[in-house]
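Undergrad: Return a 3D structure for these sequence lines:
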Amino acid sequence: VRGSGVLAKMPADEAVKVARGGPAEGESQRDAVTLAQCEARARRGDGNAALRVSVMRARGVGCEADRALALEWLTRAAELGVVQAQTQLAYLYSTGRGGATRDEEAALRWYKAAAGAGDPDALYKLGVMYRQGLGCERDSETAIGYWRAAAAAGHAKARERLRSVAESSEPEPQLDARPGWRRAFSLCGSCFRTPRETETPKPTESPLVEPLLDRDDDDDVLGVADPAASSL
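TA: Predicted coordinates:
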């Protein structure tokens, strides 16, 4: 936190900007240089740099905020195999947030890409999508398979889902021992049940949908190395 004495030595317009939480002139210039360096690396095929550019473009760090451009860089990072970018992009497509058009089939593809790398959160969310039939045919067995894989990777919520499924499972009743109306209701009972899995998959920390975090928290939350701390 800058003291009032430091602010008093700044030009008036810059002092107002800093007092409101914005970067000082020197910080803005350093951010712009970092952005240019990351973009150069991303154009050479560095997926992590592309993700970093997406973060900076979304938040207006070193540039004017531009979510459409941030989405393009996020897509490039996902195409370059960055698992975090794939899960973020899948979430945006599943919800239509962050400038993305809602597309459940695209969300399913990107979650599958991340799940192929063993990402527990993507495995869990694939289970939710298959359970609800989002972007695919509804398939409870496939959903449970994904939850088992996520649970094996340590995903706590997947374990909760599996426990819930196990607790709700009941042996099939003997149809020939019941009156006809009971048999009929049992056979079409799924028409009357409300699925328990109705929540929309929650996002990973996406700069396209989350508010700007404190500068010191960005790298820890997003898991992106600070370009200034490594050779460019």
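Undergrad: Run through who's touching the helix or strand where Ala143 lies.
TA: Using DSSP states H and E, Ala143 maps to helix 140-152. For helix 140-152, contacts defined as C-beta atoms under 8 Å, 6 or more residues apart in numbering pick out 115, 120-121, 123-124, 126-131, 158-159, 161-162, 165, 197. Glycine gets a C-beta too; all of them are placed from N, C-alpha and C.
Undergrad: next helix or strand past whichever strand or helix holds Ala49?
TA: Per DSSP H and E: Ala49 is located in helix 47-59. Going down the chain from helix 47-59, the next helix or strand is helix 67-79, by DSSP H and E.
Undergrad: Next secondary structure after that following helix?
TA: Past helix 67-79, the next helix or strand by DSSP H and E is helix 83-95.
Undergrad: could you say what helices and strands that following helix packs with?
TA: In terms of contacts (3 or more C-beta pairs under 8 Å, 6 or more residues apart in numbering; DSSP states H and E), helix 83-95 is packed against helix 47-59, helix 67-79, helix 104-116, helix 120-132.
Undergrad: Export the ones you listed as TSV, with columns for mean pLDDT.
TA: Converted to TSV, these look like this (pLDDT from 0 to 100):
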stretch	mean pLDDT
helix 47-59	95
helix 67-79	96
helix 104-116	97
helix 120-132	95
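Undergrad: With distance to Glu141 and mean neighbour count as added columns, please give these in CSV.
TA: Shown next, in CSV, are the helices and strands packed on helix 83-95 (distance: least, C-beta to C-beta, whole Å; neighbours: other C-beta atoms under 10 Å):
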stretch, distance to Glu141, mean neighbour count
helix 47-59, 34, 25
helix 67-79, 28, 21
helix 104-116, 16, 20
helix 120-132, 9, 25
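Undergrad: mind checking which of those is nearest Glu27?
TA: helix 47-59 (12.9 Å; C-beta to C-beta).
Undergrad: For the closest one, name the packing helices and strands.
TA: helix 25-43, helix 67-79, helix 83-95, helix 218-222.
Undergrad: switch the cut-off to 7 Å
TA: Applying 3 or more C-beta pairs under 7 Å, 6 or more residues apart in numbering; DSSP states H and E, one finds that helix 47-59 contacts helix 25-43, helix 67-79, helix 83-95.
Undergrad: Dump the ones you listed to JSON lines, plus distance to Ala49.
TA: Formatted as JSON lines, those follow (distance: least, C-beta to C-beta, whole Å):
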{"stretch": "helix 25-43", "distance to Ala49": "4"}
{"stretch": "helix 67-79", "distance to Ala49": "8"}
{"stretch": "helix 83-95", "distance to Ala49": "11"}
